[in-house]
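S.K.: this one's structure only:
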């Protein structure tokens, strides 16, 4: 089995919709059902009727903090709240990039289904700033990737630029064509492909997690962005590498395990926001 975006057929039925076929893999339907139940629970909290904007803002902040932590900048939540020096090199720049990405996602929902490659380029600009010849475009032949804390096995090499271009185009075609696959499946594939390809010279992991967030919101599963999967990925950090290794193996069992991992991450993100709702209800936040 090749990774899902390496070949494309028109969407519409399981036989012609590669992502819908993934939804039938062993364990995936249960993961999809568990995610739906977790999301429904937090959306049903009484606080969401009056203060959903506050919960969404807190979820975006916590998601960005978690994504930055996975990228090697493990700051406490209160430190992220108080710091303003996000332009400085090193960890501050990583945290700033994560914050900017999560803030930008909501502005790109309308463009994603028509031009996903344009959105990915925009996310790289947002993460990296306007300086540098490589910002806002996939890497070219001969260009490497800045050292990033990525959940790859050490043996997994950097895909060549021509492979990156072909697989990005295949992923884009799948997104534009549309899929009947559950949102979790679509988000997991986008996340996995971007981690596998590392299409930019920098910030690939942050962009992959932001793109997963974008799909979960844009699909309607989590329209208010209150279930930050990044929080779950950080909590499951030890399993992140193993799960991605499964996706990179391109076997049905490996891909199913990756989708289930992403599902558990969304569940944990929903649990985080449920705790925020409880704190708001008690007047503690």
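M.R.: Looks like it came in fine. Keep in mind it's a predicted model, so treat the numbers as computed, not measured.
S.K.: so where's the stretch 101-250 of the chain uncertain?
M.R.: 130-131, 147-148, 153-155 (pLDDT under 70).
S.K.: quick one: what helix or strand has residue 246 in it?
M.R.: Mapping residue 246 onto the secondary structure by DSSP states H and E places it in helix 237-249.
S.K.: Give me the residues contacting that helix.
M.R.: Counting by C-beta atoms under 8 Å, 6 or more residues apart in numbering, helix 237-249 makes contact with 3, 70, 151-153, 156, 188, 192, 195-196, 233, 236, 253-258, 260-262, all of which sit outside it. (Each C-beta comes from the backbone N, C-alpha and C, glycine too.)
S.K.: for that helix, which positions count as buried?
M.R.: 240, 243-249 (16 or more other C-beta atoms under 10 Å).
S.K.: Also stretch 200-220?
M.R.: So for stretch 200-220, counting by 16+ other C-beta under 10 Å, buried means 200-219.
S.K.: repeat for stretch 115-127
M.R.: 116-117, 119-124, 126-127.
S.K.: Over to stretch 220-233?
M.R.: For stretch 220-233, using 16+ other C-beta under 10 Å, the buried residues are 221-222, 224-233.
S.K.: Likewise for stretch 275-285?
M.R.: 276-277, 280.
S.K.: quick one: contacts for the spatially closest residue to residue 85 that is not a sequence neighbour?
M.R.: Spatial nearest neighbour of residue 85, excluding adjacent residues (C-beta to C-beta, 6 or more residues apart in numbering): residue 92 at 5.2 Å. By C-beta under 8 Å, 6+ apart, the residues touching residue 92 are 73, 83, 85-86.
S.K.: now swap in residue 199 and tell me
M.R.: 120, 138-139, 164, 168.
S.K.: Which ones among the buried residues of stretch 275-285 lie within helices?
M.R.: 276-277, 280 (DSSP state H).
S.K.: Excluding chain neighbours, what is closest to residue 274?
M.R.: Counting by C-beta to C-beta, 6+ apart, the residue nearest residue 274 is residue 42, at 4.7 Å.
S.K.: starting at the chain centroid, how far to whichever strand or helix holds the one you found?
M.R.: According to DSSP H and E, residue 42 maps onto helix 28-43. Between the centre of helix 28-43 and the centre of its chain there are 17 Å (C-alpha atoms, centre = their mean, to the nearest Å).
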